[in-house]
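**Student:** give the three-dimensional model of this entry:
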Amino acid sequence: MQAPPDLLDAPMQATGQAGPLQRQLLQRLKQSILDGRLAAGARLPASRELAAELGISRNTVLIAYEHLAAEGYVVADRQGTRVAPLSCRTATGAVAEPAVPQLARRVAALVPPYAAGDAEMPLRPGTPALARFPLAAWRRSLERAWRTAPPGALGYGDPAGERALRAAIAQHVGISRGVRCDAEQVVITEGAQDALNLCVKLLADPGDTAWVEDPGYRGARGALRAADLRVVPVPVDADGLAADEALWRRAPPRLVYVSPSHQYPTGAVLSAARRLDLIARAAACGAWILEDDYDSEFRHQGEPIAAMQGLAPHAPVLYVGTFSKTMFPALRLGFAVLPPQVARQTRGALGELLRGGHRLEQLALADFIDTGQFVRHLGRMRRLYRQRQQALREALAAHLDVPHEVLGGRGGMHLTLRLPPQHPDHAVAADARRHGMAPMPLSAFAFAPGLQHNGLVLGYGNTPAEQYPALIARLAQVIRQVG
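**Tutor:** Residues are numbered from 1 along each chain as shown. Presented below is the predicted three-dimensional model:
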């Protein structure tokens, strides 16, 4: 068979960016087949003939033909090499592009309220003081982990995580947060979001009912919706999650998500009475509580608020923590503390759900904790965030002349403002970004945003105190202009 003219039009390039002759020929032949210029059943030129036409060696052609046969583009027999039928082509030789991709409904509902590039902008909530992280101490822990780890540490490892880190976490949260656990109950994950996803997979089936705080953490809502659960919003007041008797009767839950020590984003603390009532009712109806303790290490007034998990023996609570706020987000390490009976029953399943990994980073983090560097770092950050929050409060009092209410504020790395409805928070947040600031709209955390959810969430973790007067003066101007 004579080769298609366009296969021979351009000479083969011996050097340059086109690559080796074999690769050039292979790509030409593939494209001719995919475009339909070499139809199904058509016989390719004999190797000697094509080599002579192109001025290349016969071996180059033979290798290209062999590769095409290995990928299923051609079929070789005694009569020669023929193009295989490819059913994926349209009549014109191209795959039809769908007009509108049909995504899953749960994906279409996920619309982030901020841009990915906002993380380093001032007033962005959720970002710690990265410039104050003790990199030299962390490098020493990493170097010790690499120096002492055996070759086997390069494998997947235990799906539940490195035992050294699990033991270090169990000891730390037992002392600092009052969590009742041992290393066997701790599972290492890629951040708190991954821990929430794991807990949902372990304990809920599609169609089960899950309660979430309203307003509340969007990641929890996403994890529950991604598991096809029926998500029920529960209002939050000054004492935290406020579930009334009617809701327990109307929509008994399988899972209840709470951030009891520092509710996100309002900053409310779930009262002791409500904590004990929630534990008792969950145990009575076979529900499980997912306790997200995302930033409770940073308590600025009074004694630390103890975790719910340790309030009562055999509490049906799965405790979730993260190092994204206490260390740095790129570390991508979090954990879940499972109740003893859940840990025992799911031990085998973890190998199917998790693959391990990040082993050297886990060993380094265990060293960082065991050598006392972690506690010292927490102490420094606690003092820093306390100062930054006070500076932010003073700047709000001095420069924000728009009526507002400050919510929460006894801990963490953010303050929440309620604003009058004539200043729509989404519009304010969008305009603030154009002026170099990244607060988040409070309504973005609500299930069905109403007038009571109009406001801003201001992060102070990543913003030096001396910047607040100018930033808040600029933000006040933005709010007035939007109103």
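
**Student:** longest helix in the protein, by number of residues?
**Tutor:** For the chain, the helix reaching the highest residue count under DSSP state H is reported as helix 373-399.

**Student:** helices or strands next to that helix in the packing?
**Tutor:** Identification of packing neighbours for helix 373-399 by 3 or more C-beta pairs under 8 Å, 6 or more residues apart in numbering; DSSP states H and E yields helix 135-148, helix 359-370, strand 414-418, helix 468-482. Using the backbone N, CA and C atoms, a C-beta is placed for each residue, glycine as well.

**Student:** return the most buried member of those.
**Tutor:** With neighbours defined as mean count of other C-beta atoms under 10 Å, those peak in mean count at strand 414-418, which reaches a mean of 23.

**Student:** where do the strands sit along the stretch 51-200 of the chain?
**Tutor:** Along the stretch 51-200 of the chain, counting by DSSP state E, counting those that start in this stretch, strands occupy 74-77, 80-83, 186-189.

**Student:** strands paired with the last one, and their directions?
**Tutor:** When pairs are called by DSSP bridges, strand 186-189 turns out to pair with strand 334-337 (antiparallel).

**Student:** run the chain-centre distance for the strand it pairs with.
**Tutor:** Averaged C-alpha coordinates place strand 334-337 at 14 Å from its chain's average position (C-alpha atoms, centre = their mean, to the nearest Å).

**Student:** quick one: average confidence on that strand?
**Tutor:** On average, the pLDDT along strand 334-337 is 98.

**Student:** who's in contact with it?
**Tutor:** Strand 334-337 is contacted by residues 161, 166, 169-170, 173, 179, 181, 185-195, 198-199, 309, 318-324 when judged by C-beta atoms under 8 Å, 6 or more residues apart in numbering.

**Student:** what about 6 Å?
**Tutor:** Contacts to strand 334-337, defined as C-beta atoms under 6 Å, 6 or more residues apart in numbering, come from residues 169, 179, 181, 185-189, 191-192, 195, 198-199, 318-322.

**Student:** give me the element Leu276 is part of.
**Tutor:** Using DSSP states H and E, Leu276 maps to helix 272-285.

**Student:** tell me the buried residues in that helix?
**Tutor:** Buried positions in helix 272-285, judged by neighbour count with 16 or more other C-beta atoms under 10 Å: Arg274, Arg275, Leu278, Ile279, Arg281, Ala282, Ala283.

**Student:** how about these in CSV, adding pLDDT and distance to Ala427?
**Tutor:** What follows is these, written out as CSV (pLDDT from 0 to 100; distance: C-beta to C-beta, whole Å):
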residue, pLDDT, distance to Ala427
Arg274, 97, 35
Arg275, 97, 37
Leu278, 98, 37
Ile279, 97, 41
Arg281, 97, 40
Ala282, 97, 40
Ala283, 97, 45
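
**Student:** can I get those in CSV with distance to Arg254?
**Tutor:** Converted to CSV, the buried residues of helix 272-285 look like this (distance: C-beta to C-beta, whole Å):
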residue, distance to Arg254
Arg274, 20
Arg275, 19
Leu278, 14
Ile279, 15
Arg281, 13
Ala282, 10
Ala283, 13
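
**Student:** which of those residues sits closest to Ser443?
**Tutor:** Proximity of these to Ser443 (C-beta to C-beta) peaks at Arg274, which lies at 24.8 Å.

**Student:** what residues does Ala476 make contact with?
**Tutor:** The neighbours of Ala476, taking C-beta under 6 Å, 6+ apart as the test, are His399, Leu400.
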